[in-house]
Each structure stands twice: as structure tokens, then as C-alpha cells.
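**Student:** below are the sequence and a predicted model; questions follow.
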Amino acid sequence: MNCRLATVQDAIHIYNIKKDLVANTNFFITIPPELNSQEEEFLMKRNFDNGGATFVMEDEKKSIVGFIFLSKGSRQRVSHVVNIGMGVKRENWSQGIGTILLNTGIEWAQKNSGIKKLALGVFSNNPRAIKLYEKLGFKVEGVKKDEIKLNDENLVDDILMGLKVN
Ligand SMILES: CC(C)(COP(=O)(O)OP(=O)(O)OC[C@H]1O[C@@H](n2cnc3c(N)ncnc32)[C@H](O)[C@@H]1OP(=O)(O)O)[C@@H](O)C(=O)NCCC(=O)NCCS
């Protein structure tokens, strides 16, 4: 396994992982018709230009098995905050890949003195992700009650978490 900065050639592989996760889990704000393969490359480029980063994890065969998207706030007053989005291929869950990706993101942020904080929102029906974030030091900063409507119309909370990095 090797964790490295993503290139635009990785965008399609990130899209494919996302597509499967979006279709088969209840953990993303996006639903399948809202996902767009062209948009992935555009978002990645724009994010790099804006001072953010994307890292990918590749396996022994150099296939991409996970990603972390670190996006910097574009407005001055939130330019010290980096928002996180991440995903690991379902067949590779619980092998420590998410932990490595998130640690890599934290280390990247720590090296950028302008970044003061990492932030994310996680649905309350996603204990695996919540456990991962808490394990690496993220704290709950707020809970948006009943913010998310799942496919079965059930409502879950959006849990806002943060980590001070510099
Ligand atoms: C969340 C996600 C990125 C985690 O990646 P991962 O590679 O499985 O993470 P890791 O294996 O490094 O760590 C997962 C941790 O959750 C724990 N865990 C697994 N199932 C769990 C459960 N049902 N409840 C609580 N904790 C659980 C594991 O034991 C592990 O903790 P440990 O290292 O202390 O043992 C991955 O599951 C994923 O892509 N999920 C779908 C997309 C998603 O939810 N993205 C985040 C949206 S905010």
C-alpha cells in the first residue's frame, strides 16, 4: 500500500469508488444522479489551484483503493479551514486504509502554517467514520438535528467535527 498525492489521472478512479459508495451506502449527501464523472477532474484541479490537496491510496497492483479530498475555504475569513471528504473501496474497509489517509491529511495540514483547522460533517448513521475521526482527535462541534433525509425517508443528524492543527 502506498499513499501519495493524487494526479488528474486518478480522478476517474476516485469517481468510480465514489460512485459505488454513493449507490451502496447511506453516508453521502450526493445521490447517484447527482454524481458526474467530468466534474471530479474539474473539482480536483480547482482544489489544487486553491491550495487544497487530494491524496490517494494505491494497493500492490497500483489500483486506487481510497482517497481523501482536502479543500480549503475560498473566502478570506475561512481560508484557514480545510474541509475533508474521504472514501475507501468497500471491499477494503477496516484494513486501516482510512486511518492512513486521514493521518496523511492531518500531516499535510500541519505542514501548512496557514491552515489552523480541519473540519467535516458526518452522518449519525455512520459509526465507522465517526470512530475513525474520534480516534485521530476530531471533536464534535455541533449537531444539525434531522438534517439529512435518507432514501427510506428516515432523518439522521449531520455531526460537525473539527481538529485544530496549527
Ligand atoms: C469511513 C471510511 C473512510 C473508513 O475507512 P476504513 O479504511 O474502513 O478505516 P479504518 O480501517 O482505518 O478504521 C475504521 C475504524 O472503525 C472501526 N469500525 C469498523 N466498523 C465499525 C462500526 N460498525 N462501529 C464503530 N467502529 C467501527 C474499526 O475497528 C476501525 O477502528 P480501529 O482502527 O480502532 O480498529 C470507510 O469506511 C468509507 O469509505 N466509508 C464510506 C464513505 C464514508 O463514510 N466517508 C466518510 C463520510 S463523512
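**Tutor:** Perfect, I can see it now.

**Student:** what's the span of stretch 89-108, first residue to last?
**Tutor:** End-to-end distance for stretch 89-108: 22 Å, by CA to CA, to the nearest Å.

**Student:** got the buried residues for that stretch?
**Tutor:** Under the neighbour-count criterion of 16 or more other CB atoms under 10 Å, stretch 89-108 has Lys89, Asn92, Gln95, Ile97, Gly98, Ile100, Leu101, Leu102, Thr104, Gly105, Ile106, Trp108 buried. Where you see a C-beta, it was placed from the backbone N, CA and C, and this is true even at glycine.

**Student:** restrict the residues you listed to those near the ligand?
**Tutor:** Checked against the ligand using CB under 6 Å from any ligand atom, the buried residues of stretch 89-108 give the following subset in range: Gln95, Ile97, Gly98.

**Student:** the last one: what secondary structure?
**Tutor:** The three-state label for Gly98, taken from DSSP: H, G, I helix; E, B strand; the rest coil, comes out as helix.

**Student:** state the helix or strand in which the closest residue in space to Leu150 that isn't next to it in sequence lies.
**Tutor:** Computed as CB to CB, 6 or more residues apart in numbering, the closest residue to Leu150 that is not its neighbour in sequence is Asn26, at 5.1 Å. Assigned by DSSP states H and E, Asn26 falls within no helix or strand.

**Student:** next, count neighbours for Asn26.
**Tutor:** By other CB atoms under 10 Å, 14 other residues sit near Asn26.

**Student:** was I right about it contacting Asn151?
**Tutor:** Yes - applying CB atoms under 8 Å, one finds Asn26 in contact with Asn151, separated by 6.7 Å.

**Student:** can you tell me which residues in this structure are near the ligand?
**Tutor:** Within the chain, the positions near the ligand by CB under 6 Å from any ligand atom are 21, 25, 27, 86-88, 93-99, 120, 122, 126-129, 131-132, 135.

**Student:** hang on, Ala129 is in a helix, isn't it?
**Tutor:** Yes - residue state for Ala129 (three-state DSSP) corresponds to a helix.

**Student:** find the nearest non-adjacent residue to it, please.
**Tutor:** With sequence-adjacent residues excluded and distances taken as CB to CB, 6+ apart, Ala129 is closest to Val122, at 5.0 Å.

**Student:** who's in contact with that neighbour?
**Tutor:** Residues in contact with Val122, defined by CB atoms under 8 Å, 6 or more residues apart in numbering, are Phe27, Ala129, Ile130, Tyr133, Asp158, Ile159, Met161.
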